[in-house]
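>>> Fold the following, please.
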Amino acid sequence: MRPTPLLAAALLSLAAGCDKPNTAPAPAASASAPAAASSAPPAASSAPPAAPQASAWEGPYTSKVGKVTPPAEAKMKLWEKDPGKDGVGAGTIKLSITGRLVTGALDGALGALVLHGDVDDKVLTARVDPKDPNTPQAWTGTLTGKLEADALTVVLRVASRDANQAREAEAKLTKR
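Residues are numbered from 1 along each chain as shown. Now for the predicted structure:
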(Lines give C-alpha, C1' and ligand atoms only; values in the text may rest on other atoms or scores of the structure.)
Protein backbone atom coordinates (compact mmCIF):
# COMPACT_ATOMS: atom_id res chain seq x y z
CA MET A 1 0.00 0.00 0.00
CA ARG A 2 1.36 3.38 -1.00
CA PRO A 3 1.02 6.31 1.45
CA THR A 4 -1.02 9.28 0.31
CA PRO A 5 0.83 12.57 -0.27
CA LEU A 6 -0.75 14.06 2.89
CA LEU A 7 0.33 11.11 5.05
CA ALA A 8 3.84 11.20 3.55
CA ALA A 9 4.14 14.95 4.32
CA ALA A 10 2.99 14.41 7.89
CA LEU A 11 5.52 11.60 8.40
CA LEU A 12 8.34 13.71 6.93
CA SER A 13 7.54 16.68 9.18
CA LEU A 14 7.45 14.36 12.19
CA ALA A 15 10.80 12.83 11.25
CA ALA A 16 12.33 16.26 10.64
CA GLY A 17 11.16 17.45 14.06
CA CYS A 18 12.94 14.54 15.76
CA ASP A 19 16.36 15.59 14.35
CA LYS A 20 16.04 19.16 15.57
CA PRO A 21 18.68 19.93 18.22
CA ASN A 22 17.51 21.28 21.55
CA THR A 23 18.60 24.93 21.60
CA ALA A 24 16.94 25.86 24.92
CA PRO A 25 19.43 26.88 27.59
CA ALA A 26 19.97 24.45 30.45
CA PRO A 27 18.51 25.56 33.77
CA ALA A 28 21.05 27.19 36.05
CA ALA A 29 22.16 25.24 39.09
CA SER A 30 21.06 26.67 42.40
CA ALA A 31 23.84 28.14 44.50
CA SER A 32 22.28 26.78 47.68
CA ALA A 33 21.75 23.22 46.40
CA PRO A 34 24.71 20.83 46.58
CA ALA A 35 25.64 19.08 43.38
CA ALA A 36 25.23 15.48 44.50
CA ALA A 37 23.91 13.70 41.44
CA SER A 38 24.94 10.27 42.64
CA SER A 39 23.63 10.51 46.21
CA ALA A 40 21.15 7.88 47.42
CA PRO A 41 17.47 8.79 47.87
CA PRO A 42 16.36 9.62 51.40
CA ALA A 43 15.64 6.60 53.61
CA ALA A 44 12.00 7.65 54.20
CA SER A 45 11.10 7.30 50.52
CA SER A 46 12.49 3.78 50.31
CA ALA A 47 10.36 2.46 53.20
CA PRO A 48 7.13 0.68 52.23
CA PRO A 49 3.91 2.52 53.13
CA ALA A 50 2.31 1.57 56.43
CA ALA A 51 -0.54 -0.95 56.22
CA PRO A 52 -3.99 0.51 56.95
CA GLN A 53 -5.29 -0.19 60.44
CA ALA A 54 -8.04 -2.80 60.68
CA SER A 55 -11.05 -2.49 62.96
CA ALA A 56 -13.38 -5.31 63.94
CA TRP A 57 -17.10 -4.85 64.62
CA GLU A 58 -19.74 -7.21 65.99
CA GLY A 59 -23.36 -7.19 67.06
CA PRO A 60 -26.65 -9.06 67.10
CA TYR A 61 -29.45 -8.75 64.55
CA THR A 62 -33.08 -9.84 64.56
CA SER A 63 -34.48 -10.35 61.07
CA LYS A 64 -38.14 -9.86 60.25
CA VAL A 65 -40.32 -10.06 57.16
CA GLY A 66 -39.22 -7.30 54.82
CA LYS A 67 -41.49 -4.69 53.35
CA VAL A 68 -42.11 -5.06 49.61
CA THR A 69 -43.70 -2.18 47.75
CA PRO A 70 -44.45 -3.31 44.18
CA PRO A 71 -45.70 -1.02 41.43
CA ALA A 72 -49.49 -0.74 41.27
CA GLU A 73 -49.60 -2.53 37.89
CA ALA A 74 -47.64 -5.57 39.14
CA LYS A 75 -49.53 -8.76 38.27
CA MET A 76 -47.52 -11.32 40.27
CA LYS A 77 -47.66 -10.87 44.04
CA LEU A 78 -46.08 -14.09 45.29
CA TRP A 79 -44.42 -12.32 48.22
CA GLU A 80 -47.88 -11.67 49.67
CA LYS A 81 -48.09 -15.44 50.31
CA ASP A 82 -44.88 -15.46 52.40
CA PRO A 83 -45.68 -17.33 55.65
CA GLY A 84 -42.96 -15.30 57.40
CA LYS A 85 -41.20 -18.23 59.04
CA ASP A 86 -38.00 -18.83 57.05
CA GLY A 87 -35.10 -16.52 57.84
CA VAL A 88 -36.86 -14.78 60.72
CA GLY A 89 -35.06 -14.50 64.06
CA ALA A 90 -31.78 -13.74 65.77
CA GLY A 91 -28.24 -13.84 64.48
CA THR A 92 -24.82 -12.19 64.66
CA ILE A 93 -22.98 -9.86 62.29
CA LYS A 94 -19.17 -9.71 62.41
CA LEU A 95 -17.19 -7.50 60.07
CA SER A 96 -13.75 -6.02 59.59
CA ILE A 97 -12.79 -2.70 58.02
CA THR A 98 -9.27 -2.33 56.61
CA GLY A 99 -8.74 0.97 54.87
CA ARG A 100 -11.79 1.16 52.61
CA LEU A 101 -12.33 -2.63 52.36
CA VAL A 102 -15.14 -4.27 54.34
CA THR A 103 -15.38 -8.05 54.83
CA GLY A 104 -17.39 -10.13 57.22
CA ALA A 105 -19.84 -12.87 58.02
CA LEU A 106 -23.36 -13.33 59.37
CA ASP A 107 -24.81 -16.37 61.06
CA GLY A 108 -28.13 -17.18 62.65
CA ALA A 109 -31.69 -17.14 61.33
CA LEU A 110 -30.57 -16.23 57.78
CA GLY A 111 -27.96 -18.99 57.70
CA ALA A 112 -24.24 -18.58 57.01
CA LEU A 113 -23.66 -15.45 54.91
CA VAL A 114 -20.55 -13.52 53.85
CA LEU A 115 -20.24 -9.85 52.99
CA HIS A 116 -17.84 -7.80 50.88
CA GLY A 117 -17.94 -4.07 50.34
CA ASP A 118 -16.33 -0.76 51.14
CA VAL A 119 -16.62 2.26 53.37
CA ASP A 120 -16.37 5.80 52.04
CA ASP A 121 -16.75 8.92 54.15
CA LYS A 122 -18.20 6.86 57.03
CA VAL A 123 -20.87 5.27 54.79
CA LEU A 124 -20.61 1.49 54.50
CA THR A 125 -22.07 -0.52 51.60
CA ALA A 126 -21.65 -4.26 51.16
CA ARG A 127 -23.04 -7.14 49.17
CA VAL A 128 -24.35 -10.09 51.20
CA ASP A 129 -24.18 -13.60 49.73
CA PRO A 130 -24.65 -17.13 51.07
CA LYS A 131 -21.44 -18.75 52.25
CA ASP A 132 -22.59 -21.85 50.34
CA PRO A 133 -24.52 -20.73 47.22
CA ASN A 134 -26.03 -24.22 46.90
CA THR A 135 -27.89 -23.95 50.20
CA PRO A 136 -31.62 -24.48 49.52
CA GLN A 137 -32.61 -21.41 51.57
CA ALA A 138 -29.92 -19.01 50.28
CA TRP A 139 -30.39 -15.30 51.03
CA THR A 140 -28.67 -12.50 49.10
CA GLY A 141 -28.86 -8.75 49.41
CA THR A 142 -27.17 -5.68 50.85
CA LEU A 143 -25.89 -4.29 54.10
CA THR A 144 -25.59 -0.52 54.44
CA GLY A 145 -24.46 1.46 57.42
CA LYS A 146 -23.13 4.61 58.99
CA LEU A 147 -19.81 4.55 60.82
CA GLU A 148 -19.58 6.66 63.96
CA ALA A 149 -16.86 6.91 66.62
CA ASP A 150 -17.63 3.75 68.59
CA ALA A 151 -20.73 2.45 66.80
CA LEU A 152 -21.71 1.18 63.39
CA THR A 153 -25.44 1.25 62.67
CA VAL A 154 -26.40 -1.08 59.81
CA VAL A 155 -29.49 -2.06 57.81
CA LEU A 156 -29.61 -5.52 56.28
CA ARG A 157 -31.96 -6.28 53.37
CA VAL A 158 -32.00 -9.72 51.77
CA ALA A 159 -34.24 -11.82 49.54
CA SER A 160 -34.67 -15.55 49.04
CA ARG A 161 -33.24 -17.32 46.01
CA ASP A 162 -36.55 -17.01 44.14
CA ALA A 163 -37.08 -13.42 45.41
CA ASN A 164 -40.50 -14.36 46.81
CA GLN A 165 -39.39 -13.68 50.39
CA ALA A 166 -37.78 -10.54 51.75
CA ARG A 167 -36.11 -10.09 55.14
CA GLU A 168 -34.65 -7.05 56.84
CA ALA A 169 -32.90 -6.20 60.08
CA GLU A 170 -31.37 -3.18 61.78
CA ALA A 171 -28.40 -3.65 64.07
CA LYS A 172 -25.94 -1.61 66.08
CA LEU A 173 -22.44 -3.06 65.94
CA THR A 174 -19.75 -2.19 68.44
CA LYS A 175 -15.98 -2.14 68.02
CA ARG A 176 -14.25 -5.26 69.34
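
>>> Pretty sure residue 113 is one of the things residue 105 touches, is it not?
Yes: counting by CB atoms under 8 Å, residue 113 is a contact partner of residue 105 at 6.7 Å. For every residue, glycine as well, the C-beta is placed using N, CA and C.

>>> Overlap in contacts, those two.
Shared contacts of residue 105 and residue 113, defined by CB atoms under 8 Å, 6 or more residues apart in numbering, are found at residue 131.

>>> more neighbours, these two?
When residue 105 and residue 113 are compared for neighbours, residue 113 comes out ahead with 25 against 15, by other CB atoms under 10 Å.

>>> Just give the closest residue to that one, not the sequence neighbours.
residue 106 (4.1 Å; CB to CB, 6 or more residues apart in numbering).

>>> Can you list the strands that the strand or helix carrying residue 57 pairs with?
Per DSSP states H and E: residue 57 is located in strand 54-65. Take DSSP bridges as the rule and strand 54-65 pairs in its sheet with strand 89-98 (antiparallel), strand 166-175 (antiparallel).

>>> mind giving me JSON lines with these and columns for mean pLDDT?
Shown next, in JSON lines, are the strands paired with strand 54-65 (pLDDT from 0 to 100):
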{"stretch": "strand 89-98", "mean pLDDT": "97"}
{"stretch": "strand 166-175", "mean pLDDT": "97"}
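
>>> would you turn those strands into CSV with mean neighbour count?
Formatted as CSV, the strands paired with strand 54-65 follow (neighbours: other CB atoms under 10 Å):
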stretch, mean neighbour count
strand 89-98, 18
strand 166-175, 18
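
>>> would you list those strands in CSV and tack on distance to residue 125?
Compiled in CSV, these are given as follows (distance: least, CB to CB, whole Å):
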stretch, distance to residue 125
strand 89-98, 12
strand 166-175, 15
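
>>> Would you enumerate the residues in contact with residue 109?
62, 63, 87, 88, 89, 90, 91.

>>> This completes my enquiry, with thanks.
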